[in-house]
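S.K.: A structural model of the following input is requested.
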Amino acid sequence: MNVEMFDFELPEHLIAQTPLLQRTSSRLLTLDRSNGAVNHESFTDLAQHLHAGDVLVLNDTRVLPARLIGAKADTGAKIELLLLKQLEGDRWEALAKPAKRMKIGAEVWFGDDGSGQPLLRAFVEEEGDMGGRTIRFAYSGIFQELLERLGEMPLPPYIRERLEEQERYQTVYAKHDGSAAAPTAGLHFTADFLKQLADKGVRIAYVTLHVGLGTFRPMSVDVVEEHVMHSEYYELSEETAALLGQAKAEGARIVAVGTTSARTLETVAARFEKETIQACSGWTDIFIFPGYSFKLVNALLTNFHLPKSTLVMLVSALAGRDAVMGAYAEAIREEYRFFSFGDAMFIY
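M.R.: Numbers count the residues shown, from 1 in each chain. The predicted structure is shown next:
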């Protein structure tokens, strides 16, 4: 299957640069995967599509302020690090820019303790491909506090506007630190709207998947099947495991909020294919593209994704490539807002 099958022309002005004033005020395109029918609605109309007994699964990861801007200790050259994954202790997987300045042994300083010394030091231990580096940090105090003080929210490269309110790149239910990017389908929810759904009888469940390196790297192959996903850490609680098992037994719908929730659910489905779903954690590199048969996910709320991305492929696996490409063409004609701060799509 050729990657070009998932390409489309997107006018640049449709890439949302800032979040809307109200989280729930975005538009909602609905796609009925049984017949390909598309409708144009408002996000709060999602309440009409969810029913009592449905299990709505949200990813409660929290984005780290993982973009650090510092200077090389020897030359003073500006260096940017994007922290992607904690390996162990103070060692991290990161993207460096410009990578050519970040050879093994390079030292970068961040912040100033008031005496001309840095608050945080980074040392390059290993070089990877496409700007990837293994970094070891040295500091005094608590790393998380230093990161909150020195770091910035790691917005995707297609967002060029400054984010005035950092919490708008977090879901209202974000809980567990660890992501390099937000699970953006969840940005549309407010606590009030979630309560409205719960009052209706929709069961709310949480999974954790820390979004990592794969989010920032384009596909570098021409054939879909040759792409290899980077692994990401996930956790499933006992409470959510019980809810999923109950939903399966009842034949109730499981509705994933975002591709990260969907990938977590399908990873768990494969892990417990012939067993009762249990609390678990681990690493997943699951790659979902057309031809895949979903085992847990019945419906999906998601944003509009980049051309030729693994996320468009996942959505196409659920609804069919032709239906998704048709819906995207309709969204472009109707001038929906795309990507992280954009509008939403509900596939059912």
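S.K.: Wasn't residue 329 part of a strand?
M.R.: No: secondary structure of residue 329 (DSSP: H, G, I helix; E, B strand; the rest coil): helix, not part of a strand.
S.K.: what residues are up against it?
M.R.: Listed by CB atoms under 8 Å, 6 or more residues apart in numbering, the contact set of residue 329 reads residue 8. Any C-beta I mention is one placed from the backbone N, CA and C, and that applies to glycine too.
S.K.: And the one 3 residues further on, by the same measure?
M.R.: With contacts taken as CB under 8 Å, 6+ apart, residue 332 has the following neighbours: 8, 9, 10, 11, 14.
S.K.: Tell me which residues of the strand or helix carrying it come out buried.
M.R.: According to DSSP states H and E, residue 332 maps onto helix 321-333. Buried residues in helix 321-333, counted by 16 or more other CB atoms under 10 Å: 321, 323, 324, 325, 327, 328, 331, 332.
S.K.: can you list the residues you listed in TSV and add pLDDT and distance to residue 90?
M.R.: Shown next, in TSV, are the buried residues of helix 321-333 (pLDDT from 0 to 100; distance: CB to CB, whole Å):
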residue	pLDDT	distance to residue 90
321	98	44
323	98	47
324	98	42
325	98	45
327	98	45
328	98	43
331	98	44
332	98	45
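S.K.: how about these, which pair is most distant?
M.R.: Across the buried residues of helix 321-333, no pair lies farther apart than 321 and 332, at 16.5 Å, counting by CB to CB.
S.K.: strands paired with the host helix or strand of residue 283, and their directions?
M.R.: Assessed by DSSP H and E, residue 283 sits inside strand 280-284. Strand 280-284 has the following strand partners under DSSP bridges: strand 232-236 (antiparallel).
S.K.: What helices and strands are in contact with the helix or strand following the strand it pairs with?
M.R.: Remark: after strand 232-236, the chain's next helix or strand is helix 238-250, criterion DSSP H and E. Packing partners of helix 238-250 (3 or more CB pairs under 8 Å, 6 or more residues apart in numbering; DSSP states H and E): strand 55-59, strand 203-209, strand 254-257, helix 259-271.
S.K.: mean confidence score for helix 238-250?
M.R.: In this model, helix 238-250 has an average pLDDT of 97.
S.K.: what angle sits between that helix and strand 280-284?
M.R.: Calculated by axes from the mean of the first three to the mean of the last three CA atoms, to 10 degrees, helix 238-250 forms an angle of 90 degrees with strand 280-284.
S.K.: Which positions within helix 238-250 qualify as buried?
M.R.: For helix 238-250, by 16+ other CB under 10 Å, it's 240, 241, 243, 244, 247, 248.
S.K.: of all these, which comes closest to residue 347?
M.R.: residue 247 (17.9 Å).
S.K.: Mind exporting the C-alpha coordinates of the helix holding residue 332 to PDB?
M.R.: Taking C-alpha atoms only, helix 321-333 is exported to PDB below (Å, rounded to 0.1, in the frame of the first residue of the first chain):
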ATOM      1  CA  ARG A 321      -9.800   5.000   3.200                       C
ATOM      2  CA  ASP A 322     -12.200   6.300   0.600                       C
ATOM      3  CA  ALA A 323     -14.800   7.400   3.200                       C
ATOM      4  CA  VAL A 324     -12.100   9.300   5.200                       C
ATOM      5  CA  MET A 325     -10.500  10.900   2.100                       C
ATOM      6  CA  GLY A 326     -14.000  12.000   1.100                       C
ATOM      7  CA  ALA A 327     -14.800  13.400   4.500                       C
ATOM      8  CA  TYR A 328     -11.500  15.300   4.600                       C
ATOM      9  CA  ALA A 329     -12.200  16.800   1.200                       C
ATOM     10  CA  GLU A 330     -15.600  17.900   2.500                       C
ATOM     11  CA  ALA A 331     -14.000  19.400   5.700                       C
ATOM     12  CA  ILE A 332     -11.600  21.400   3.500                       C
ATOM     13  CA  ARG A 333     -14.400  22.700   1.300                       C
END
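S.K.: Go through stretch 136-143 and flag the buried ones.
M.R.: Neighbour-count burial for stretch 136-143, counted by 16+ other CB under 10 Å, picks out 137, 139.
S.K.: Would you enumerate the residues in contact with residue 324?
M.R.: 31, 312, 315, 316.
S.K.: which stretch of helix or strand covers the residue lying farthest from the centre of the chain?
M.R.: Centroid-distance maximum for the chain: residue 115 at 39.2 Å, with CA atoms, centre = their mean. Per DSSP H and E, residue 115 falls between elements, in no helix or strand.
S.K.: What backbone torsions are found at it?
M.R.: Per-residue torsions, residue 115: phi -110, psi 10 (degrees, to the nearest 10).
S.K.: So it versus residue 121, what's the distance?
M.R.: Per CB to CB, to the nearest Å, residue 115 is found 14 Å from residue 121.
S.K.: what do you get for residue 48?
M.R.: In terms of CB to CB, residue 48 sits 54 Å off from residue 121.
S.K.: So if I had to pick from the two, which one is more boxed in?
M.R.: More crowded of residue 48 and residue 121, by other CB atoms under 10 Å: residue 121, with 17 against 10.
S.K.: SS state for the more buried one?
M.R.: When classified by three-state DSSP, residue 121 comes out as strand.
S.K.: Isn't it up against residue 106?
M.R.: No: Residue 121 is not in contact with residue 106 according to CB atoms under 8 Å; the separation is 11.0 Å.
S.K.: Which one of the helices and strands packed on helix 238-250 lies nearest to residue 344?
M.R.: Using CB to CB, the helices and strands packed on helix 238-250 put strand 254-257 closest to residue 344, at 9.6 Å.
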